[in-house]
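Chemist: got a predicted structure here, sequence first:
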Amino acid sequence: MTLRPILIHPDPRLKKLCEPVSEVTDDIRKLADDMLATMYDAPGVGLAAPQVGVLKRLFVMDCVKEKDAAPDPMVLINPEVSWISEETNVYEEGCLSIPEQFAEVTRPKEVRMKWLGLDGQLHEEQFDGLWATCAQHENDHLNGKLFIDYLGPMKRKMITRKMEKLKRERARDKEA
């Protein structure tokens, strides 16, 4: 497994609509393994392919937070939302492509998704709580949408400026 660099907003690749994965190949399995390793290392609970510069409809997530609990990694290929609850939930979201920035986002409390697994089979599951929030957040990435797109224009602009500054600082650090 290889740790992949995570793109930082604003990067035009984070705003693109991703292409469906045509078949589950060894390259897709390697991408999924790399993304899980990158997500755990970051650390985060979800990571979408465009965040590592791959414009494919694939994301990984693992929302197990208990210290003694076994990890429960999931790989969702070509995910589709098949149902959302009318009831909503507010969760303070963050994003590995927008480090150290958090904001409350309102989303459906529960969501049902269908996706292709690494086994090549169709899967369907209903998520709630953090799993539902994470699945919707990562699925948004595949459609070129970031959690800050749910915020007002002033807050979104402020976070974008902070990310531009962070990118400049990181570029300077690499030169030094």
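Modeler: Looks like it arrived, so ask away. Residues are numbered from 1 along each chain as shown.
Chemist: need the longest helix for this protein.
Modeler: helix 153-175 (DSSP state H).
Chemist: could you pull out the buried residues of it?
Modeler: For helix 153-175, a neighbour-count test (16 or more other Cβ atoms under 10 Å) marks 156, 159-160, 163, 166 as buried. For the C-beta atoms, the positions are set from N, CA and C on the backbone; glycine is no exception.
Chemist: quick check, nearest of those to S97?
Modeler: Of all the buried residues of helix 153-175, M163 has the smallest distance to S97: 8.4 Å, by Cβ to Cβ.
Chemist: need the pLDDT of the closest one.
Modeler: Note for M163: predicted pLDDT of 95.
Chemist: roughly how far apart are it and V81?
Modeler: For M163, the distance to V81 equals 27 Å [Cβ to Cβ, to the nearest Å].
Chemist: from the chain's centroid, how far away is stretch 7-23?
Modeler: Distance, stretch centre to chain centre, for stretch 7-23: 11 Å (Cα atoms, centre = their mean, to the nearest Å).
Chemist: sorry, slip of the keys, the one I care about is stretch 33-49.
Modeler: For stretch 33-49, the distance to the chain centre is 9 Å (Cα atoms, centre = their mean).
Chemist: ends of that stretch, what's the gap?
Modeler: 11 Å (Cα to Cα, to the nearest Å).
Chemist: check which residues of it are buried.
Modeler: 33-40, 44-49.
Chemist: and what of stretch 93-112?
Modeler: Neighbour counts over stretch 93-112 (16+ other Cβ under 10 Å) mark 93-98, 101, 103, 105, 107-112 as buried.
Chemist: packing partners for the longest helix of the chain?
Modeler: strand 98-108 (3 or more Cβ pairs under 8 Å, 6 or more residues apart in numbering; DSSP states H and E).
Chemist: can I get the strand it packs on in CSV, CA atoms only?
Modeler: The C-alpha coordinates for strand 98-108 follow below in CSV (Å, rounded to 0.1, in the frame of the first residue of the first chain):
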residue,chain,number,x,y,z
ILE,A,98,-9.8,21.2,3.8
PRO,A,99,-7.6,20.5,6.8
GLU,A,100,-8.4,21.9,10.3
GLN,A,101,-11.6,23.5,9.1
PHE,A,102,-15.0,22.4,10.5
ALA,A,103,-18.6,23.5,10.0
GLU,A,104,-22.0,22.3,10.8
VAL,A,105,-23.8,20.8,7.8
THR,A,106,-27.4,19.6,7.7
ARG,A,107,-28.0,16.4,5.8
PRO,A,108,-30.6,13.6,5.7
